[in-house]
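Asker: The amino acid sequence is not available; the structure is as follows:
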């Protein structure tokens, strides 16, 4: 007896050539939909992480805004930028000098005080002991290296009107003289904020101050005072507990910034205030008050203050612990 094979629906013969246009359209729509869902999910995860209660930003960063554009640096870079620009202000140099200094340090070391480099180069500006910049230990002191850079820059006749890359090259004698130009716009944004010419233009997104990083009120005040003196040559007028904060250990340091820019105390106040924001990671600053604006670490933004400070006066509030 013959055995019949199981049968099913007829199998269509193979079709030569590309699939019908309708099938291609459906496939493309499916791929686009999947990609869109994945993109939305990714954004949602990032936003969700940023909004987790009690957590800091996924990526800590600092921003200087100029002409509608934002220019970012890491907190460590911002801390060094505050020194480079602050030194220029303290020396009575124009904002152009700060722009040249920042562009040079960005190219040479990415604004990080590194202990290595090409041949014997070290430090923020990758200065070489063999070229007479000092010994390695001196050059690795960012205060020394920054002042050494400006000591040479101010001897360059007409540097204020030179292209940034030409002025930087005249000081540095680099093997890549055109490389400084790529950092000009970013440096100009940061210089404008840190010299006080662009008020409320600099902010930082930072994690909350960890309990383990908090120090006693006196030590917190001394840390701010030390940096004010080192970077800007300023001394705090007062350093007292802040009665407006829930934590009684928090310290508010009040600074008279008018010596920075005697002819324009308001600019000196903004230079000091935005310096305080740029250095907030190391000083543990949580609030900076200038004029009628206050920067809040929790908000990562400048907001309207309840009171207006006199021109040139700045208050810096630092988290501390008993």
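Answerer: Looks like it arrived, so ask away. These figures come from a predicted structure and were not determined experimentally. Numbering: from 1, shown residues only.
Asker: how about the nearest residue to residue 181, chain neighbours excluded?
Answerer: Counting by C-beta to C-beta, 6 or more residues apart in numbering, residue 181 lies nearest to residue 165, which is 4.1 Å off, once chain neighbours are set aside. Using the backbone N, CA and C atoms, a C-beta is placed for each residue, glycine as well.
Asker: all strands of the protein, in order?
Answerer: With DSSP state E as the criterion, the chain has strands at 61-66, 69-73, 202-205, 236-241, 251-256, 285-290, 293-296, 301-304, 313-318.
Asker: Of all those strands, which one is nearest residue 161?
Answerer: strand 61-66 (20.3 Å; C-beta to C-beta).
Asker: Could you tell me how far that closest one lies from the centre of the chain?
Answerer: The chain centroid and the centroid of strand 61-66 are separated by 6 Å under C-alpha atoms, centre = their mean, to the nearest Å.
Asker: Which neighbouring elements make contact with it?
Answerer: Secondary-structure packing of strand 61-66 (3 or more C-beta pairs under 8 Å, 6 or more residues apart in numbering; DSSP states H and E): strand 69-73, helix 75-90, helix 184-194, strand 202-205.
Asker: Any buried residues in that strand, and which?
Answerer: 61, 62, 63, 64, 65, 66 (16 or more other C-beta atoms under 10 Å).
Asker: okay but the fourth one is in contact with residue 70, surely?
Answerer: Yes: using C-beta atoms under 8 Å, residue 64 makes contact with residue 70 at a distance of 7.4 Å.
Asker: quick revisit: looking at the helices and strands packed on strand 61-66, spot the one closest to residue 116.
Answerer: Closest among the helices and strands packed on strand 61-66, once you apply C-beta to C-beta, is helix 75-90, at 16.3 Å.
Asker: just to revisit the earlier point, would you turn the strands of the chain into CSV with mean pLDDT and distance to residue 156?
Answerer: Shown next, in CSV, are those (pLDDT from 0 to 100; distance: least, C-beta to C-beta, whole Å):
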stretch, mean pLDDT, distance to residue 156
strand 61-66, 98, 25
strand 69-73, 98, 25
strand 202-205, 98, 28
strand 236-241, 65, 35
strand 251-256, 95, 32
strand 285-290, 98, 33
strand 293-296, 98, 35
strand 301-304, 98, 36
strand 313-318, 96, 32
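Asker: In CSV, list the ones you listed along with distance to residue 88.
Answerer: Converted to CSV, these look like this (distance: least, C-beta to C-beta, whole Å):
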stretch, distance to residue 88
strand 61-66, 15
strand 69-73, 17
strand 202-205, 15
strand 236-241, 21
strand 251-256, 18
strand 285-290, 19
strand 293-296, 22
strand 301-304, 23
strand 313-318, 18
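Asker: want to throw the helices and strands packed on strand 61-66 into CSV with mean neighbour count and distance to residue 296?
Answerer: What follows is these, written out as CSV (neighbours: other C-beta atoms under 10 Å; distance: least, C-beta to C-beta, whole Å):
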stretch, mean neighbour count, distance to residue 296
strand 69-73, 16, 18
helix 75-90, 25, 16
helix 184-194, 25, 17
strand 202-205, 24, 10
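Asker: closest to residue 152 out of the ones you listed?
Answerer: For the helices and strands packed on strand 61-66, the distance to residue 152 is smallest for helix 75-90, at 13.5 Å, taking C-beta to C-beta.
Asker: what about the closest one, distance to the chain center?
Answerer: On C-alpha atoms, centre = their mean, the centre of helix 75-90 falls 10 Å from that of its chain.
Asker: Report the inter-axis angle for it versus strand 69-73.
Answerer: 110 degrees (axes from the mean of the first three to the mean of the last three C-alpha atoms, to 10 degrees).
Asker: which stretches of the stretch 51-200 of the chain have low pLDDT?
Answerer: 51-56, 58 (pLDDT under 70).
Asker: quick one: the helices in it?
Answerer: 75-90, 95-109, 136-139, 142-153, 164-172, 184-194 (DSSP state H, counting those that start in this stretch).
Asker: Residue 318: which of the buried residues of strand 61-66 is nearest?
Answerer: Of all those, residue 62 has the smallest distance to residue 318: 17.6 Å, by C-beta to C-beta.
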